[in-house]
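In: test case, fold it:
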Amino acid sequence: MTARTFITVAAGLALFAATTLTSAPNLAGETRLLRFPATNGKDLVFSYAGQLYTVPISGGVARRLTDGPGYAVFPRFSSDGATLAFTAQYDGNTEVYSMPASGGSPKRLTFSATLNRDDLADRMGPNNVVMGWRNTAPEIVFRSRARSFNPFIGELLTVRLDAELPSQLPVPRGGFISFSPDDSRIAYNRIFREFRTWKNYRGGMADDVWIYDLKSGALENITQNDAQDIFPCGLRTTASTLSRSAPGGEISSPTISPPRRPGRSRSSPSSM
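Out: Numbering: from 1, shown residues only. Next comes the predicted model:
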C-alpha cells in the first residue's frame, strides 16, 4: 500500500467514524443489560450489574434492593406479590434467599456445599437457580445441581420460608417450571441449558414442555417439537411457552391447550 493510498483510506475511515458518531443517538446516559425481570402486576424487579432493583411498572426511577458481595439474580415474586425469592452469593456460596418485595434484610433459605458450579458463568447455569413459587403455599421452587456430576441434570426442589430442609418434586430432573393455580399439575422443561449458545438447535437435547400431574402421576409431552420449547408459564386451561420452531429460527410465544386425561401417561417420571 502506498503512502497516498494509506492516507486516503485513513481519511475515509475517520470521516465514516465522525459521521456515525454524530448521527447515532446519544446512548451514554442509558442503562443497558437489564436481566431476569419479574413482576407482581404493580412493580417490576430486575437484575442490573449483579444487584436487584425495583421500579413501578408504570415507570419511574429504579430503586436498589440489594447491596451485597457477589451476585443477586433470578428474582421471583410470591403468588401474593409480597415476597421476593432470588439467588444470591452473600456468604460465598450461590444460595436461595427471600426478602420483602419492598426491600429489607435477606434471609438465607438453603445451605449447600461450595461447588465449582456455583459460578454464574457456568454454561449449564449455576447452582440453586430460583424458578418460581407454589401458588397455594409459601414454597419456593429452585433448580439444584448439588447431587449430580452431570451438568445437564438438575433437580427441582422446594423450600419453605422457615428454611427447613428442601424437598424434591417427584420428577428426577427439570428446568423452567410453572404450577397450575391449585398446584396439582406442573408444566416444565426436563432440561435447563439456557446459558448455552445453541442457537437454532434441533438435536436430541432440545427442550419440550411436559405436563406432570402431581396427584395421578400422569405425564404428557404437549409440544413434541424438534426445536426449542421453553419457559412454560400460565398453566391453567392453556399454557404459554417460547418456541423456536419458526422456519427462520425466530422465537415465538404460542399458547397450547394441555391435555386433560387423568391417568394417561406417555412415560413415567423415572424414565425421564
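
In: look at the nearest residue to residue 167 once chain neighbours are set aside and give its secondary structure.
Out: Leaving aside its chain neighbours, residue 167 sits nearest to residue 158 (5.7 Å; criterion: CB to CB, 6 or more residues apart in numbering). Glycine gets a C-beta too; all of them are placed from N, C-alpha and C. Here residue 158 is recorded as strand under DSSP: H, G, I helix; E, B strand; the rest coil.

In: which helix or strand contains the residue nearest to residue 232 when sequence neighbours are not counted?
Out: The shortest distance from residue 232 to any residue other than its chain neighbours is 3.8 Å, reached at residue 187 (CB to CB, 6+ apart). According to DSSP states H and E, residue 187 maps onto strand 185-188.

In: which elements pack onto that strand?
Out: With contacts defined as 3 or more CB pairs under 8 Å, 6 or more residues apart in numbering; DSSP states H and E, the packing partners of strand 185-188 are strand 177-179, strand 210-213, strand 229-233.

In: if we go to 7 Å?
Out: strand 177-179, strand 210-213 (3 or more CB pairs under 7 Å, 6 or more residues apart in numbering; DSSP states H and E).

In: out of those strands, nearest to residue 78?
Out: Across the helices and strands packed on strand 185-188, residue 78 has its closest neighbour in strand 177-179 (12.1 Å, CB to CB).

In: now that closest one: mean pLDDT?
Out: What strand 177-179 shows for mean pLDDT is 94.

In: list the strands paired with that strand, with their directions.
Out: Strand pairing for strand 177-179, using DSSP bridges, gives strand 185-188 (antiparallel).

In: need the residues that contact the partner strand.
Out: The contact list for strand 185-188 (CB atoms under 7 Å, 6 or more residues apart in numbering) reads 174-179, 209-214, 232, 235, 239, 258.

In: what ranges do the strands span in the stretch 51-200 of the chain?
Out: 51-56, 63-64, 72-77, 83-88, 95-100, 107-108, 129-133, 139-144, 155-160, 167-168, 177-179, 185-188 (DSSP state E, counting those that start in this stretch).

In: got these as CSV, with mean neighbour count columns?
Out: Shown next, in CSV, are those (neighbours: other CB atoms under 10 Å):
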stretch, mean neighbour count
strand 51-56, 18
strand 63-64, 13
strand 72-77, 24
strand 83-88, 26
strand 95-100, 22
strand 107-108, 14
strand 129-133, 24
strand 139-144, 24
strand 155-160, 20
strand 167-168, 12
strand 177-179, 23
strand 185-188, 25
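
In: residue 200 is nearest to which of these?
Out: Nearest to residue 200, of all the strands of the stretch 51-200 of the chain, is strand 185-188, at 22.8 Å by CB to CB.
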